[in-house]
Each structure stands twice: as C-alpha cells, then as structure tokens.
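**Q** Requesting a structural model of the entry that follows:
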Amino acid sequence: MARRPRLEVPGVPLHVIQRGNNRAACFLTDGDRRLYLKCLGNAAARYRCALHAYVLMPNHVHLLVSPDRPGGVALMMQDVGRRYVRIFNDVYKRTGTLWEGRYKAAMIDSERYLLVCQRYIELNPVRAGLVSAPADYRWTSYRHHAHGITDALVTAHELVERLGLDDDARREAYRDLFRDPMEHAVIERIREATNRGWPLGGEDFLSRVEAKLGRSVRPPKRGRPDGGQDLASVSARPEMLI
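**A** As a prediction, this is how the structure comes out:
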C-alpha cells in the first residue's frame, strides 16, 4: 500500500516529531545534541525553513518549523538525518538506522494553535519529569523566547513578536503562557494530529489548505474521541488554548 504523502504548504508551520528507533536514545552526550543542532541549523538555512521552537528529548525531537519552499521541511529532515546519523554511527561504532521510520508532521493553524503547539513542545521536559520548569532544560528554545538568551537557530513567529511592544513585554507575556498547565485534551489532540499527519486547525484553515493542495486534508470520520468533543470545540474555548 502506497504511503500517504505528507501535507506541507510554504508558509504554514509544521509540528514535527522524530523518534529514535524502538524508542532508543538518539542523543548520548551533550556533544551529540550540539552536533544535531548544528546539522539542523545548516539544513534549515539550506532549505529555507524557519525554526520557531524545538526540544531535544533523550529519544526523540520536536520541531515547530515553517518552510519557505515546497517540500522544504522534508528536504531539511532528510539532510539532518543523513548527516547526523553518519557521524553518530561513526562515533559509537554502530551501523543501521537511528530513527523510527519517517518523521511525523502536522500542519498547524497559526491563529488557533501555533502558540499552543509551541508551548506543548517547550513543556515536554516538564511533562517527562526531567525538570520542574521549562527554563531548567537547556536543549529547548524556551529560554530564547522567555528570557532573551539568544539562540541563533530560532526565528520567532510573528505571533510571538506580537505578544508585546518591546522585548521585555514580549518575554513577560511569553512566560505568562506557561503559568498554568496544559489541558490534557489539547495535549492529546496535538499528539494525535501529529502522529496521524492530519492538520490541526479550524474549518477555515482546513479549507484554505485544501484549496492550495487540491485534495482533502481531513481525517476519515470514525466518531469523535473523548465523549464527542472535536477540535473545533476545543479551539473555541480560550481556557484550553493558553
């Protein structure tokens, strides 16, 4: 059975997840993490992708990235995987794949879900119990956005830029987004959309994407999870989007 093509449109952010094979570690040292970020930065620049947020977990990676060309994210991920795995295998005297199949990705409706998804990404170390606060984890974009610790990899999305009139106001507003825990329902919807490759957004967003791609981007109807609550109903509740 042919694999369904990934959905990617220039200018539309994607939430990307790539996991280690069999959930095994893909970073063993800080040197590995620095190497991965170097490969990522080079590939993002080469294929004109703006990296808005990221986190390197022990056995997987989350990225929030906007391509500036058709297929840009796919080319970026191929480049990163090829370069990083070759060096990783050489260093650790291993062979074979490092990643668990193809990366997962979902297009994100910026107005409804970009800040939610960015928050989801940068809170991963807290949910995993690695740290008690997002600022305590080094291998993430959080400190760039929240505390002004410059990370050359990161290009702030315009919605982050609009959080305040100056840097101090933006950083304070950004930190405020993290004061309350995320709703479990929102976490599950981000995970499901990304793992299945379906866009995360409202009706208008889905229609615009379909017009650009010339195909349906909606998941097959199989009933509604979580007692019939759908994505649109979650999106409409402000308390679930902060």
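**Q** average model confidence for stretch 22-36?
**A** Stretch 22-36 shows a mean pLDDT of 96.
**Q** I meant to write stretch 89-107 there.
**A** Averaging pLDDT along stretch 89-107 yields 93.
**Q** distance between the ends of that stretch?
**A** End-to-end distance for stretch 89-107, by CA to CA, to the nearest Å: 31 Å.
**Q** buried set for it?
**A** Of the residues in stretch 89-107, those buried under the neighbour-count criterion (16 or more other CB atoms under 10 Å) are 98, 99, 100, 103, 104, 105, 106, 107. (Each C-beta comes from the backbone N, C-alpha and C, glycine too.)
**Q** Pull the contacting residues for the third one.
**A** When contacts are counted by CB atoms under 8 Å, 6 or more residues apart in numbering, residue 100 touches 18, 19, 20, 21, 22, 23.
**Q** what's around the first one, how many residues?
**A** Under the neighbour criterion other CB atoms under 10 Å, residue 18 is assigned a count of 20.
**Q** Repeat that for the last one.
**A** Other residues near residue 23 come to 11 when the count uses other CB under 10 Å.
**Q** who's in contact with the residue lying closest to it once chain neighbours are set aside?
**A** Residue nearest to residue 23 in three dimensions, not counting chain neighbours: residue 59, with 5.3 Å by CB to CB, 6 or more residues apart in numbering. Taking CB under 8 Å, 6+ apart, we find residue 59 in contact with 19, 20, 23, 24, 25, 26.
**Q** Mind doing that once more with 10 Å?
**A** Taking CB atoms under 10 Å, 6 or more residues apart in numbering as the criterion, residue 59 is in contact with 19, 20, 21, 22, 23, 24, 25, 26, 27, 100.
**Q** Check which helix or strand residue 198 maps to.
**A** In this assignment (DSSP states H and E), residue 198 forms part of neither any helix nor any strand.
**Q** can you check residue 64 too?
**A** Under the criterion of DSSP H and E, residue 64 resides in strand 60-67.
**Q** Now do that strand: which elements does it pack against?
**A** Judged by 3 or more CB pairs under 10 Å, 6 or more residues apart in numbering; DSSP states H and E, strand 60-67 is in contact with strand 14-19, helix 30-46, strand 49-56, helix 72-92, strand 104-107, helix 115-122, helix 124-127.
**Q** try 8 Å
**A** Under the contact definition 3 or more CB pairs under 8 Å, 6 or more residues apart in numbering; DSSP states H and E, strand 60-67 sits against strand 14-19, helix 30-46, strand 49-56, helix 72-92, helix 115-122.
**Q** quick one on the thing from earlier: mind putting the contacts of residue 59 into JSON lines with distance to residue 37?
**A** As requested, the contacts of residue 59 are exported to JSON lines (distance: CB to CB, whole Å):
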{"residue": "19", "distance to residue 37": "18"}
{"residue": "20", "distance to residue 37": "16"}
{"residue": "21", "distance to residue 37": "20"}
{"residue": "22", "distance to residue 37": "24"}
{"residue": "23", "distance to residue 37": "21"}
{"residue": "24", "distance to residue 37": "20"}
{"residue": "25", "distance to residue 37": "16"}
{"residue": "26", "distance to residue 37": "13"}
{"residue": "27", "distance to residue 37": "10"}
{"residue": "100", "distance to residue 37": "20"}
